[in-house]
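>>> make a model of this:
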Amino acid sequence: MSVLRGRSLRSRLTRTLVGLGLVSVILLAIVNLAVVYGLLDRGAKDQLESLRDLRADTVEQTIDSVLDRVSVMGTDPAVGAALADLGDGYVQLDTELDAAQLEALVASYLPVTDRYDAVNAPRPVTDDLVPTDTAGRYVQYHYIADNTDEPRADLVDAGDGSAYSAAHAEYHPFLSRLATSIGATDILLVDLDTTDVVYSVSKRIDLGTDVLTGPYAGTGLGAVIQKLQTIAVDQAAIADTTFYLPDSSAPVVFAATAVRSNAEVLGALVVVLQTERLTDIVTAR
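Below is the predicted model of the structure:
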């Protein structure tokens, strides 16, 4: 009996010691795991912060790159010649639209204003979108309302025999290629004297409107032109908007620079980029 009792005691002691050993091992493992997870968490945070800083630098570099390219466009002799000739032809468009043409022009806005439904915004009054001057209405009718090309940017010459259309036929292919080269949805040329958009690659309804007093003066288009007046003529400005009716329901960015010819400022060049395009550029870097 004493032998059995001794064995039983030794067995209990052995189990107790083994149990204590397991508890120690488990506690040590928990402590080690906590330390490891703490290090991993700190490392992950450090990596995220580094990635955030890198992404911010990349975005800044991308914007700087876009502004540099736009600024160079403003010194291109072909851009200067295009704005000069288109601007001269534009102010000669003094033929008033007849009632049927004006009705067709207003009707051409309806598919565009449908975009307001997509963002649950009240539709603008279509009559308020009509340019206030004769030239603006004329160019919108012949290059937008009466334009049967699809897309409208394919129209090279409206065939109206005007000096404007002659200049458009000469420079439109070049300006279209310029827009494609930078990934822009549109390039606008703004005349210095009239402050009207005298040319648009994509033929949207901001063509022929006044950038400072027209229906889009309160958007990024008006803002970027205002910014140009506060910087040196050899620099470019940038502005964005959450919704720009003439383009689409997607956010767009406006980059603009003064168009210069022999130290003379002729007007402005505005590049319209969807923000998705900037995202693609950043991602590719």
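>>> what about the strands in the stretch 101-250 of the chain?
Under the criterion DSSP state E, counting those that start in this stretch, the stretch 101-250 of the chain contains strands at 186-191, 197-200, 236-241.
>>> for Gly218, find the nearest of the ones you listed.
strand 236-241 (9.3 Å; CB to CB). The C-beta positions use only the backbone N, C-alpha and C, and glycine is treated the same way.
>>> what pairs with the helix or strand just after that closest one, parallel or antiparallel?
Following strand 236-241 in sequence order, the next helix or strand is strand 252-261 (DSSP states H and E). Under the criterion DSSP bridges, strand 252-261 sits next to strand 236-241 (antiparallel), strand 264-274 (antiparallel) in its sheet.
>>> deepest-packed of these, please.
strand 264-274 (a mean of 23; mean count of other CB atoms under 10 Å).
>>> average pLDDT for that strand?
Strand 264-274 shows a mean pLDDT of 95 in the predicted model.
>>> just want the angle from it to strand 186-191.
160 degrees (axes from the mean of the first three to the mean of the last three CA atoms, to 10 degrees).
>>> in PDB, list the C-alpha atoms belonging to strand 264-274.
What follows is strand 264-274, C-alpha atoms only, in PDB (Å, rounded to 0.1, in the frame of the first residue of the first chain):
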ATOM      1  CA  GLU A 264       2.000  89.400 -76.400                       C
ATOM      2  CA  VAL A 265      -0.800  87.600 -74.500                       C
ATOM      3  CA  LEU A 266      -3.600  86.600 -76.900                       C
ATOM      4  CA  GLY A 267      -5.800  84.800 -74.500                       C
ATOM      5  CA  ALA A 268      -5.800  81.500 -72.700                       C
ATOM      6  CA  LEU A 269      -5.600  77.800 -73.400                       C
ATOM      7  CA  VAL A 270      -7.600  75.600 -71.000                       C
ATOM      8  CA  VAL A 271      -7.100  71.800 -70.700                       C
ATOM      9  CA  VAL A 272     -10.000  69.800 -69.300                       C
ATOM     10  CA  LEU A 273      -9.000  66.500 -67.600                       C
ATOM     11  CA  GLN A 274     -11.300  64.100 -65.900                       C
END
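>>> for it, the distance to its chain's centre please.
On the basis of CA atoms, centre = their mean, to the nearest Å, strand 264-274 sits 14 Å off its chain's mean C-alpha point.
>>> next one: stretch 259-278
Centroid displacement of stretch 259-278 relative to its chain, using CA atoms, centre = their mean, is 14 Å.
>>> burial measure for Pro173, as a count.
The local packing of Pro173 (other CB atoms under 10 Å) involves 10 other residues.
>>> contact partners for the closest residue to it other than its chain neighbours?
Once flanking residues are discounted, Pro173 sits nearest to Val156: 6.9 Å by CB to CB, 6 or more residues apart in numbering. Val156 makes contacts with 168-169, 172-173, as judged by CB atoms under 8 Å, 6 or more residues apart in numbering.
>>> same list (those residues) but as a markdown table, adding pLDDT and distance to Tyr116.
As requested, those are exported to a markdown table (pLDDT from 0 to 100; distance: CB to CB, whole Å):
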| residue | pLDDT | distance to Tyr116 |
| --- | --- | --- |
| His168 | 99 | 30 |
| Ala169 | 99 | 34 |
| His172 | 99 | 30 |
| Pro173 | 98 | 33 |
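>>> export the strands paired with strand 252-261 to JSON lines and tack on distance to Gly220?
Formatted as JSON lines, the strands paired with strand 252-261 follow (distance: least, CB to CB, whole Å):
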{"stretch": "strand 236-241", "distance to Gly220": "3"}
{"stretch": "strand 264-274", "distance to Gly220": "9"}
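>>> of all those, which lies closest to Leu93?
When the strands paired with strand 252-261 are ranked by proximity to Leu93, the top entry is strand 264-274, at 16.6 Å, counting by CB to CB.
>>> tell me if I'm right that Ser261 and Gly80 touch.
Yes - counting by CB atoms under 8 Å, Gly80 is a contact partner of Ser261 at 3.6 Å.
>>> okay, the two: which has more neighbours?
Counting neighbours by other CB under 10 Å for Ser261 and for Gly80 shows that Gly80 has the greater number, 20 against 16.
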